[in-house]
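Colleague: Sequence and predicted structure, then a few things I'm wondering about:
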Amino acid sequence: MSGLPHLAFAGPSIDWWALLPQMILLGAALLILLLSALAPQRTSSGLATVITLFAAVTAYIVALGLWSDVKTEGPSATVASALGVDGFSIFFTILILVALAATALLAHNYLDREDIDPPEFHALLLCSAAGAIVMASANDLIVMFLGLEALSIALYVMIAMHARRPEARESAMKYFVLGAFSSAFLLYGIALTYGSTGSTNLVHVRDYLDAVVFRDQHLLMAAMALLLVGFSFKVAAAPFHFWAPDVYQGAPSPVTGWMASIAKAAGFAALLRVFFAAFASHDADWAPVVAVLAFLTLLVGAVMAILQTDVKRMLAFSSISHAGYVLVAVQSASANGTSAALFYLFTYTFMVLGSFAIIGAMGVDGEHPLDRYAGLGRSRPVLAMAFTILLLAQAGVPLTSGFVGKFQVIAAAVEGRGYLLASVAMLSAVIGAFMYLRIVMAMYVVDDGVEGPSPTVHWTVSIVLIGVVGFTLLIGIVPQFLIEFAEDAVPVLIRG
Amino acid sequence: MEITTGWYLVLGALLFVIGGTGLLIRRNPLVMLMCVELMLNGVNLSFVAFSRTLGDIGGQTVVFFVLVVAAAEVVVGLGLVVAILRRQPGSTADDLSALKG
């Protein structure tokens, strides 16, 4: 011991219970990789799917336990205030876990059919889910960045896993280049936030901005602009949306569904936590910019969707216009707007997972022309009915969850006196409905004698479809419990 | 003339802009990867400069995280480049245009 100074190192206190969902997912990923390394030959996807589902269910039970803790003891933060444990983080944890279970089931048959190695896929799926949860619960910008990268890097590989198909490689490369580009913008925004407030911790940033009046706001303005550009890329908001249609089209369908739901949800989670919770005192500066983004995104998504002939691309543009609705709710910068955004994201996740599940069942190769769906209503009436319900829900037809979501978003905008934006949102819903009805028409209105397609739907896919269609209709009829859940999930920043 | 923090911030911004421009106009996938690195290093320089001004060690710690993330990102990026070049030797970003946006 001579000569060595005695170094006392005290790490931050960690509430392991709060980190358990992420740790379960990462543990399951390692377990899958270990078992696949020990297995004598290539395994089928059964074992990996079961482990992923088991991890999702276990983490879900832990999340429910955390939820009741938050209900009784109030929100808290852990790891030196870097991770928040509040209704907001648990809302997104539950959303991500539900999507994880659905994607694992959808991938089960797809991986065997397309001859992709299941263990690697499921391990990456679990890693990206853990990254998304970290991103949604991060109270510190750097932790948020790490979560984002864990999510994105796993997604780059998942898109490229279908290595024999040139579209998948192209799609992965495009997503990689744009993803790295936007991450750099986000990181620069974090650096300037650090420079102007003295910390990357959102609690500190909020307190600092509340207390200090800036004589010179340029640095902070630049920080907000760069963060907003970074997030807009991640959630595919116009004018930073141009990567999305190509990437969604080229990626394997289960991965497209996962990306369209979770990458978007986690991006919005981070956006809300940073802008609504931490930059709340400067909402007069950022809310108008978000309103412009929402305006552009709504119109670009709806108008471009009409011009497409490929169903996967149509839904890619429709997911862009969904991002526009969420932005409409975000720009109102109110608690009501935030819970409307959360409600919208939750219901949207189910619709988009179901839609891409059907697309995955319908098409084997990269092309999904509208003609392929002609006569589906005659040859597979139940499948066509499920697709119709999901499409009508996305259009916002009453008695579906999509209607309640759109209603809440527009109500929040009107409440914040955003009348123009509310009208644009309704206009965009009308334009969007045309595109969804075009797909429905193709399925049902055909000449006599046209033989419809008859894809084989694996039972795992059927389970997911029954679940998402049931949920979409259930929320459309009795939305109250999800509305209350979303109202309890407005983000709060608390020192741990 | 004294070199103040502002100079480092300007240099960081320049590196970021050069990297960003390069990413948009260069067509060689490897050069594009290098441009991403340049952007991230511009940010790193800003972090260190802010850290010095604020007298806070946090900004310098961030740089380590960013370096690790950048390394992980490049590993995946190089993997993608290899997968593409092995099947279509000598291809540039312009050849990746089967999907029309």
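Modeller: Cool, got the structure.

Colleague: any chance you could map the helices in the stretch 201-350 of chain A?
Modeller: Secondary structure of the stretch 201-350 of chain A (DSSP state H, counting those that start in this stretch): helices located at A:202-211, A:218-235, A:243-250, A:253-258, A:264-271, A:283-306, A:311-331, A:335-362.

Colleague: Now A:Gly396: closest residue in space that isn't a chain neighbour?
Modeller: The shortest distance from A:Gly396 to any residue other than its chain neighbours is 4.2 Å, reached at A:Lys406 (C-beta to C-beta, 6 or more residues apart in numbering or on different chains). All C-beta spots, glycine's among them, are computed from the backbone N, C-alpha and C.

Colleague: And A:Asp112, by the same measure?
Modeller: Sequence neighbours aside, A:Ser45 is the residue nearest to A:Asp112 in space, at 5.6 Å (criterion: C-beta to C-beta, 6+ apart).

Colleague: And A:Thr456, by the same measure?
Modeller: What sits nearest to A:Thr456 in space, not counting adjacent residues and going by C-beta to C-beta, 6+ apart, is A:Ala361, at 7.7 Å.

Colleague: Now do the contacts for that neighbour.
Modeller: Counting by C-beta atoms under 8 Å, 6 or more residues apart in numbering or on different chains, A:Ala361 touches A:Leu383, A:Pro455, A:Thr456, A:Val457, A:His458, A:Val461.

Colleague: and A:Leu155, what is it in contact with?
Modeller: A:Leu155 neighbours (C-beta under 8 Å, 6+ apart): A:Ser128, A:Tyr175, A:Gly179, A:Val255, A:Trp258, A:Met259, A:Ala263.

Colleague: If we use 6 Å, what do you get?
Modeller: A:Ser128, A:Met259 (C-beta atoms under 6 Å, 6 or more residues apart in numbering or on different chains).

Colleague: Contact partners for A:Pro479?
Modeller: Applying C-beta under 6 Å, 6+ apart, the residues near A:Pro479 are A:Val404.

Colleague: number of nearby residues for the residue nearest to A:Gly396?
Modeller: Neighbourhood size, A:Lys406 [other C-beta atoms under 10 Å in any protein chain shown]: 26.

Colleague: again with A:Pro455
Modeller: Residues lying near A:Pro455 (other C-beta under 10 Å) number 18.

Colleague: pretty sure it belongs to a strand, no?
Modeller: No. The assignment for A:Pro455, made by DSSP: H, G, I helix; E, B strand; the rest coil, is coil rather than a strand.

Colleague: Please list the residues of chain B that sit near chain A.
Modeller: Residues of chain B found near chain A (C-beta under 6 Å from any C-beta of the partner chain) are B:16, B:23, B:32, B:36, B:39-40, B:43, B:46-47, B:50, B:54, B:59, B:62, B:65, B:69, B:72-73, B:76-77, B:80, B:83-84, B:96, B:98-99, B:101.

Colleague: Strands of chain A, residue ranges please.
Modeller: For chain A, the strands defined by DSSP state E cover A:76-78, A:83-85.

Colleague: For the first one, which outside residues touch it?
Modeller: Strand A:76-78 is touched from outside by A:Asp15, A:Ala18, A:Gly84, A:Val85, A:Asn139, A:Ile494, A:Gly496, with contacts defined as C-beta under 6 Å, 6+ apart.

Colleague: got a list of what the second one touches?
Modeller: Same thing as A:Ala18. A:Ala18 sits next to A:Thr78, A:Val85 when contact means C-beta under 6 Å, 6+ apart.

Colleague: Need the pLDDT of it.
Modeller: Per-residue confidence at A:Ala18 stands at 88 (pLDDT).

Colleague: distance of it from A:Gly496?
Modeller: Look at A:Ala18 and A:Gly496: by C-beta to C-beta, to the nearest Å, they are 9 Å apart.

Colleague: And for the fourth one?
Modeller: As judged by C-beta to C-beta, A:Val85 and A:Gly496 stand 8 Å apart.

Colleague: Of those two, which one has the most company?
Modeller: Legend: neighbour count by other C-beta under 10 Å for A:Val85 and A:Gly496, higher for A:Val85 (26 against 20).

Colleague: Who is the more buried one paired with across the strands?
Modeller: Under the criterion DSSP bridges, A:Val85 forms beta bridges with A:Ser76.

Colleague: What are the boundaries of the helices in the stretch 351-496 of chain A?
Modeller: Using DSSP H, counting those that start in this stretch, the helices assigned to the stretch 351-496 of chain A run over residues A:376-379, A:381-395, A:401-415, A:419-444, A:459-477, A:480-488.

Colleague: do the same with chain B
Modeller: For chain B, the helices defined by DSSP state H cover B:5-25, B:29-54, B:58-87.

Colleague: Include mean neighbour count when you put those into JSON lines, please.
Modeller: Putting the helices of chain B into JSON lines (neighbours: other C-beta atoms under 10 Å in any protein chain shown) gives the following:
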{"stretch": "helix B:5-25", "mean neighbour count": "16"}
{"stretch": "helix B:29-54", "mean neighbour count": "21"}
{"stretch": "helix B:58-87", "mean neighbour count": "17"}
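
Colleague: can you list the ones you listed in a markdown table and add mean pLDDT?
Modeller: Converted to a markdown table, the helices of chain B look like this (pLDDT from 0 to 100):
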| stretch | mean pLDDT |
| --- | --- |
| helix B:5-25 | 93 |
| helix B:29-54 | 93 |
| helix B:58-87 | 91 |
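
Colleague: Just put those in CSV and tack on distance to A:Met161.
Modeller: Output for those, formatted as CSV (distance: least, C-beta to C-beta, whole Å):
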stretch, distance to A:Met161
helix B:5-25, 25
helix B:29-54, 19
helix B:58-87, 10
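
Colleague: So for A:Val478, which of the ones you listed sits nearest?
Modeller: A:Val478 lies closest, by C-beta to C-beta, to one member of the helices of chain B: helix B:58-87, at 43.6 Å.

Colleague: how far does the closest one sit from the chain's center?
Modeller: The chain centroid and the centroid of helix B:58-87 are separated by 9 Å under C-alpha atoms, centre = their mean, to the nearest Å.

Colleague: re earlier: now do the residue nearest to A:Thr456, the pLDDT please.
Modeller: You'll see A:Ala361 listed with a pLDDT of 87.
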